[in-house]
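Participant: Have a look at this prediction, sequence included:
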Amino acid sequence: QLQFVESGGGLVQPEGSLRLACTASGFSSRSYALGWFRQVSGKEREGVASISSSDGCAYYSDSVKGRFTISRDNAENTVYLQMNSLKPEDTAVYYCAGGLIPTMEEVLYDYWGQGTQVTVSS
């Protein structure tokens with residue numbers, strides 16, 4: 001079964017940091033663009049960051065630019081999201097996904113993880 005498995009979520013204080021990891025299971029994610037999305041209950045899922053398969057170019061939403069960094073380790077079949085200077089409004093369930101092109105459009109992604117909760121609170 002092809003799937004992604006996220007880890008690294010949890011509770012963190014404002015201005016703190018977390019690193020999320022997402023590992024592909026059952027297939028190699030090397031040829032896929034990879035993205036991170038987040039969703040707050042009752043709201044639409046929002047694209048946060050994406051990274052291409054070919055040259056590793058990264059793209060970010062305005063809300064996280066300068067604070068979050070997406071990276072990938074193809075040898076480990078894993079994509080990471082380093083989150084710094086976290087704010088309460090970053091609280092959400094974070095999902096990783098794989099698709100053909102790096103984009104913030106969730107409909108263009110084929111494979112999804114189950115999500116991991118990130119809570120930013122004092």
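Facilitator: Good, I have the coordinates. Numbering: from 1, shown residues only.
Participant: so what's E6 up against?
Facilitator: Applying CB atoms under 8 Å, 6 or more residues apart in numbering, we find E6 in contact with 20-22, 94-96, 113-116. Glycine gets a C-beta too; all of them are placed from N, C-alpha and C.
Participant: pLDDT and distance to D62 for those - can I get that in CSV?
Facilitator: Formatted as CSV, the contacts of E6 follow (pLDDT from 0 to 100; distance: CB to CB, whole Å):
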residue, pLDDT, distance to D62
L20, 98, 20
A21, 98, 24
C22, 96, 22
Y94, 98, 17
Y95, 97, 19
C96, 97, 20
G113, 94, 24
Q114, 94, 27
G115, 96, 23
T116, 97, 23
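Participant: quick one: contacts for the residue nearest to the spatial centre of the chain?
Facilitator: Nearest residue to the geometric centre of the chain (CA atoms, centre = their mean): W36, 2.4 Å. Taking CB under 8 Å, 6+ apart, we find W36 in contact with 20, 22, 47-50, 68, 70, 79, 81, 94-97.
Participant: Please, which helix or strand holds it?
Facilitator: strand 33-39 (DSSP states H and E).
Participant: Give me the sheet partners of that strand and which way each runs.
Facilitator: Taking DSSP bridges as the criterion, strand 33-39 forms sheet pairs with strand 46-51 (antiparallel), strand 92-99 (antiparallel).
Participant: Make CSV out of the ones you listed and add mean neighbour count and distance to V5.
Facilitator: Written out in CSV, the entries for the strands paired with strand 33-39 read as follows (neighbours: other CB atoms under 10 Å; distance: least, CB to CB, whole Å):
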stretch, mean neighbour count, distance to V5
strand 46-51, 23, 18
strand 92-99, 23, 9
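Participant: As JSON lines, the ones you listed with distance to G26 would be great.
Facilitator: Shown next, in JSON lines, are those (distance: least, CB to CB, whole Å):
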{"stretch": "strand 46-51", "distance to G26": "21"}
{"stretch": "strand 92-99", "distance to G26": "12"}
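Participant: a helix runs through R19, doesn't it?
Facilitator: No: counting by DSSP: H, G, I helix; E, B strand; the rest coil, R19 is not part of a helix but strand.
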